[in-house]
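Peer 1: Dropping a prediction and its sequence here:
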Protein chains: 2
Amino acid sequence: MNYIYEREIEVCYTPALFPFYNPENKIVVVVDILRATSAICSAFENNVKEIVPIANVEDAFKLKDQGYIIAAERNGERVDGADMGNSPFEFLEPSVRGKSIAFTTTNGTQAIEIAKQKNIVVIGAFLNHRILCNWLIHQQKDILVLCAGWKGKFNLEDTYFAGALIEYLTSYSNFTTTCDSAMASRSLYLLAKDNLYDFLSNSSHFERLKKLNKLDDIRYCLSMDKTNVIPVLKDDVIVNICSSN
Amino acid sequence: MNYIYEREIEVCYTPALFPFYNPENKIVVVVDILRATSAICSAFENNVKEIVPIANVEDAFKLKDQGYIIAAERNGERVDGADMGNSPFEFLEPSVRGKSIAFTTTNGTQAIEIAKQKNIVVIGAFLNHRILCNWLIHQQKDILVLCAGWKGKFNLEDTYFAGALIEYLTSYSNFTTTCDSAMASRSLYLLAKDNLYDFLSNSSHFERLKKLNKLDDIRYCLSMDKTNVIPVLKDDVIVNICSSN
């Protein structure tokens, strides 16, 4: 396939750096590998109807009376009184199929909130890597990857995913980059790709989830292409636009 | 030498992320490889008396009447009316020996401004890598490396230097890290260390300086241990505390 012009891909390491980028006319790929965006992909693979991302816990709980399932996580743990936390396995339960979910997490849903002004926002994870890449290739837009990070800081797992995206898009389509964060992400991914789990094993969030007995979540969130979904934000609600699912 | 406890080293990729770190009781190493902190090391190697880092151009020019040499750079170029820009070669000129310099740059002096609240602030560059590492080993403090970046964004050259610092301190002393940015910096440095110049050649600031015919500056700023200085901020003025110089 031939395209007339090269497209740019950039990476923003945390929502706190988003004001330094110009997202206008770009697709923003929001990434929170451990675990919000992995959970969202799992949910749509399980035919959840829709997910409303909400930045704060109080606003999420207000949707309880309207029949929404409340999924709420802070600091790696389910919030008291919520129906679910943010483990992808909870989103794969038969009981949530066809349902609407109100979702709030420490980092991921904050990143979606920040990204959504005037941009096309799509959800990325290792779980939907290939289908997302192929969709991005057909959109004829520049791309800005927004990593959720951890409470404002850089994290490794989101960076590895950004690198995986860049590696695919620059290898199989006409994407290029002049962005230092994108170059670093790609180098880090190429270094770690044959064993992401081991490379992550000293990282800050790995340690946090290990203490909470969530190593199975990490293994699942690092597995490639287990879902066939493209979750996109439309009118403040995330829906799956992949008709093959 | 035995120490009782392990010391932590963290990396903050840009001044915009500094609020997410706790610098209390730590040594903050400010890094702006291209070119502010490399220029500062060169200046003290050349026996400049002192350097006053100033965030904005107007405030720097006010010191002209008090006999200061004005070194001012914005977007890679010397500011109109300044005596010097921020090329390290200008700071090696015999004419600045023994003089006091007021210094303002796009990124580096802003980073020093942000770092200076209540912390010990030291200037780092490849040019003073080894002497700085050995000094840090003897300070019995945790370390926070503050990369100046480029206008709020991550950059590769400062990250490589942060990685070089971490590699040395964790190899030759009792430093450890649980910081994802530090781990990523170290991996990136180890990947690039045998040819930093080539690894940087696609980076954003390399391109910028190439257009300004400053490739010699880059080569010099990437060379290790050309200076024997430890520039430290004391009462808002940078002085060299290395008595061997």
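Peer 2: Sure, I can see it. Numbers count the residues shown, from 1 in each chain, chains lettered A, B, ... in the order given.

Peer 1: what about the strand or helix carrying A:Tyr160 and chain B, any contact?
Peer 2: In this structure, A:Tyr160 is located in helix A:156-172 according to DSSP states H and E. Yes: Helix A:156-172 lies within reach of chain B by Cβ under 8 Å from any Cβ of the partner chain, at A:156, A:159. Quick note: C-beta positions are derived from backbone N, CA and C, even for glycine.

Peer 1: What ranges does chain A have for its strands?
Peer 2: Secondary structure of chain A by DSSP state E: the strands cover A:7-12, A:26-31, A:50-53, A:69-74, A:77-78, A:100-104, A:120-124, A:142-147, A:175-176, A:231-234, A:237-240.

Peer 1: tell me the mean pLDDT over the fifth one?
Peer 2: The predicted model assigns strand A:77-78 a mean pLDDT of 94.

Peer 1: elements contacting that strand?
Peer 2: Packing partners of strand A:77-78 (3 or more Cβ pairs under 8 Å, 6 or more residues apart in numbering or on different chains; DSSP states H and E): none among the helices and strands.

Peer 1: One more: the third one?
Peer 2: The criterion is 3+ Cβ pairs under 8 Å, 6+ apart, and the helices and strands that strand A:50-53 contacts are helix A:36-45, strand A:100-104, helix A:108-115, strand A:237-240.

Peer 1: before we move on, back to that, in the helix holding A:Tyr160, what's buried?
Peer 2: Within helix A:156-172, the residues that count as buried by 16 or more other Cβ atoms under 10 Å in any protein chain shown are A:156-170.

Peer 1: ok, now stretch A:95-104?
Peer 2: Within stretch A:95-104, the residues that count as buried by 16+ other Cβ under 10 Å are A:96, A:99-104.

Peer 1: circling back to that earlier point, out of the helices and strands packed on strand A:50-53, which gets nearest to chain B?
Peer 2: Of all the helices and strands packed on strand A:50-53, helix A:108-115 sits nearest to chain B, with 13.3 Å by Cβ to the nearest Cβ.

Peer 1: Not counting the closest one itself, show me its contacts.
Peer 2: A:15, A:18, A:23, A:28, A:30-32, A:35-37, A:40, A:53-55, A:86, A:103, A:121, A:123, A:146-149, A:233, A:238 (Cβ atoms under 8 Å, 6 or more residues apart in numbering or on different chains).

Peer 1: Mark which of the residues you listed are buried, thanks.
Peer 2: Looks like those have A:15, A:18, A:23, A:28, A:30-32, A:35-37, A:40, A:53-54, A:86, A:103, A:121, A:123, A:146-149, A:233, A:238 buried, using 16+ other Cβ under 10 Å.

Peer 1: For the closest residue to A:Glu157 other than its chain neighbours, grab phi and psi.
Peer 2: Excluding its sequence neighbours, the residue lying closest to A:Glu157 (Cβ to Cβ, 6 or more residues apart in numbering or on different chains) is A:Ile33, at 4.2 Å. Dihedral pair for A:Ile33: phi -60, psi -40, per degrees, to the nearest 10.

Peer 1: A:Leu63 versus A:Ile33, what's the distance?
Peer 2: As judged by Cβ to Cβ, to the nearest Å, A:Ile33 and A:Leu63 stand 26 Å apart.

Peer 1: Have a look at these two and say which one is more surrounded.
Peer 2: Using other Cβ atoms under 10 Å in any protein chain shown, the more surrounded residue of A:Ile33 and A:Leu63 is A:Ile33, with 28 against 17.
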